[in-house]
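Trainee: sequence and predicted structure are below.
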Amino acid sequence: QVQLVESGGGLVQAGGSLRLSCAASGSGFSILLMGWYRQAPGKQRELVATITSADNTNYADSVKGRFTISRDGVKNTVYLQMNSLKPEDTAVYYCNVGRFYSGGYYYSKDYWGQGTQVTVSS
């Protein structure tokens, strides 16, 4: 069982920065894929960025050049540095584990954090 706890959301003016953190807890697993998704009011949840255990990253076009995803493999923690924030970045941001290794098997199964609100004022 993987449990995710996010932190770092808040209110910021356009052009500002925020850093989100997500710590995964549990035992007996190695995380292979973690990421951040977001959901704005009235919209579907969308991918923001992902990172693999080999530090391969993937970004939504809307955040490329502004957001940076990183991880600490020892702490099972993933970060999202968000710069040059825009009002359209306002959403609830969710941490995700999408693939992990446990007990000799690979699993593709989604675990989600509780979400953290990011609000960007104009």
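Mentor: Nice, thanks for sending it over.
Trainee: so how far is residue 105 from the residue positioned nearest the centre of the chain?
Mentor: For the chain, the residue whose C-alpha lies nearest the mean C-alpha position (C-alpha atoms, centre = their mean) is residue 36; its distance is 2.3 Å. Here the criterion is C-beta to C-beta, to the nearest Å. By it, residue 36 lies 26 Å from residue 105. From N, CA and C alone the C-beta is placed, and that goes for glycine too.
Trainee: same question for residue 60.
Mentor: Taking C-beta to C-beta as the measure, residue 60 and residue 105 are separated by 30 Å.
Trainee: higher neighbour count, the two?
Mentor: Comparing residue 60 with residue 105 by other C-beta atoms under 10 Å, the one with more neighbours is residue 60, at 15 against 7.
Trainee: now do the same contact list for that one.
Mentor: Taking C-beta atoms under 8 Å, 6 or more residues apart in numbering as the criterion, residue 60 is in contact with 46, 47, 48, 49.
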